[in-house]
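Asks: Attaching a predicted model along with its sequence, questions to come.
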Amino acid sequence: MNEKEIVLSGIRATGNLHLGNYYGALSKFVKMQEDYDCLYFIADLHALTTNPDPKALHENVLNILAEYLAAGVDPDKATIFVQSDVPEISEMYLLLNMHVGIGELLRTTSFKDKARKQLGLSGADEGDIEKQIIGSETNKRVNAGLLTYPTLMAVDILIQKAHKVPVGKDQEQHLELTRRFARRFNSFYNVDLFPEPENFNFGGHAVKVPGLDGSGKMGKSEGNCIYLVDEEKVLRKKVMRAVTDEGPKEPNQPISEPVQNLLTLMELTSTPEIVQSYRDAYADCSIRYGDMKKQLAEDILKVTTPIRERYAEIRADKDYIAKVVRQGADRARERASKTLEEVRRAMGIVKFY
């Protein structure tokens, strides 16, 4: 029997998970654990690039871990771990950085975008960014961790020798850098150590879950989220405040973006018959947005309520959480330590005792 392919994915510890995380990742995690050797981690080291409050960081790790479990990720089928519980990652991060160029990191789109945001720049060209980074004051600095984020992401993947990595469009460049770093290391040391990981979305097209603000995708920083652990009253209020339009003015006119966003959410959570009924109502100008939003809230609650209730149980069970974390760390470290030893040996870092 062939060994299962290794799939790895992580979520930064920056707050509770939302519907976008669920349909874009978590629901697929649950399916993948049946057929693949899956490792899912909470990326607390990556979260440090934004200098989070230490107490908030710890709580975020616990929350996301509990949400993984509440959504159906099974610690007996998949390896669930906290990134910082695998110290081999940090050592290999240092070693791999010796083969990563500053120029290729400076050119990454995500770094430039995040640097602009941290420095308060808008529409700045690359030269402006570099000048601002060099001359920035302490309260507006861009830390080195943000620059070397792609290296750490590459190590997360390569240290587990993952074959498949589910990533969104914003992370595709980082995955391509990971492939480049793997080829570079293998070639430089004349070893066949790292496989080149592929993007993996479990078949079909990647899911883009829209927010409630009428445009763009659902995201924590955009403030347009429905969180998996939102209480019923809070969730209903959010949906009822969702942006729509003034209503169709003539039959069969194109559906506006805000209304299409609500229909997209319905396509994820409602039955096809319900979705079609509201498309028809828009087409014949009989749509009532209040009714549509009430229906959408009901259907979202059917998805989130079981997760929220299970989350509350898990979050309160500290012994169970500790058991899952220890088990996951042991599994992740077993493979990571072997890879790190191979890396050290290839680079000539060999113990004398």
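Replies: Happy to help now that I have it.

Asks: Can you show me the strands along the stretch 101-250 of the chain?
Replies: In the stretch 101-250 of the chain, the segments counted as strands under DSSP state E, counting those that start in this stretch are 164-165, 198-199.

Asks: which stretch among those strands comes nearest Leu340?
Replies: Checking these against Leu340 by C-beta to C-beta gives strand 164-165 as the closest, at 19.2 Å. Using the backbone N, CA and C atoms, a C-beta is placed for each residue, glycine as well.

Asks: Run through the neighbouring helices and strands of that closest one.
Replies: When contacts are defined as 3 or more C-beta pairs under 8 Å, 6 or more residues apart in numbering; DSSP states H and E, strand 164-165 sits against strand 6-12, strand 198-199.

Asks: can you rerun that using 7 Å?
Replies: Packing contacts for strand 164-165, counted by 3 or more C-beta pairs under 7 Å, 6 or more residues apart in numbering; DSSP states H and E, involve strand 6-12.

Asks: What residues of the strand it packs on count as buried?
Replies: Buried residues in strand 6-12, defined by neighbour count with 16 or more other C-beta atoms under 10 Å: 6-12.

Asks: How far off centre is the helix or strand following that strand?
Replies: Once the chain leaves strand 6-12, the next helix or strand it forms, by DSSP states H and E, is helix 19-21. With C-alpha atoms, centre = their mean, to the nearest Å as the basis, helix 19-21 stands 9 Å off its chain's centre.

Asks: what does helix 19-21 rub up against?
Replies: Helix 19-21 has contacts (C-beta atoms under 7 Å, 6 or more residues apart in numbering) with 11, 209, 217-219, 226.

Asks: which one of those residues sits closest to Leu175?
Replies: The closest of those, once distances to Leu175 are taken by C-beta to C-beta, is Ile11, at 15.6 Å.

Asks: which residues of the stretch 151-300 of the chain score low on pLDDT?
Replies: For the stretch 151-300 of the chain, residues meeting the criterion pLDDT under 70 lie at 202-206.

Asks: what about the helices in it?
Replies: Using DSSP state H, counting those that start in this stretch, the helices found in the stretch 151-300 of the chain span residues 172-189, 232-240, 257-269, 272-283, 289-316.

Asks: With pLDDT as added columns, please give the buried residues of strand 6-12 in TSV.
Replies: What follows is those, written out as TSV (pLDDT from 0 to 100):
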residue	pLDDT
Ile6	96
Val7	95
Leu8	96
Ser9	93
Gly10	91
Ile11	88
Arg12	88
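
Asks: quick check, nearest of the residues you listed to Ala336?
Replies: Leu8 (11.2 Å).

Asks: possible to save the buried residues of strand 6-12 as JSON lines with distance to Ile42?
Replies: Listed next are those as JSON lines, based on distance: C-beta to C-beta, whole Å:
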{"residue": "Ile6", "distance to Ile42": "18"}
{"residue": "Val7", "distance to Ile42": "16"}
{"residue": "Leu8", "distance to Ile42": "13"}
{"residue": "Ser9", "distance to Ile42": "11"}
{"residue": "Gly10", "distance to Ile42": "7"}
{"residue": "Ile11", "distance to Ile42": "6"}
{"residue": "Arg12", "distance to Ile42": "8"}
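
Asks: Right, I'll call it a day here.
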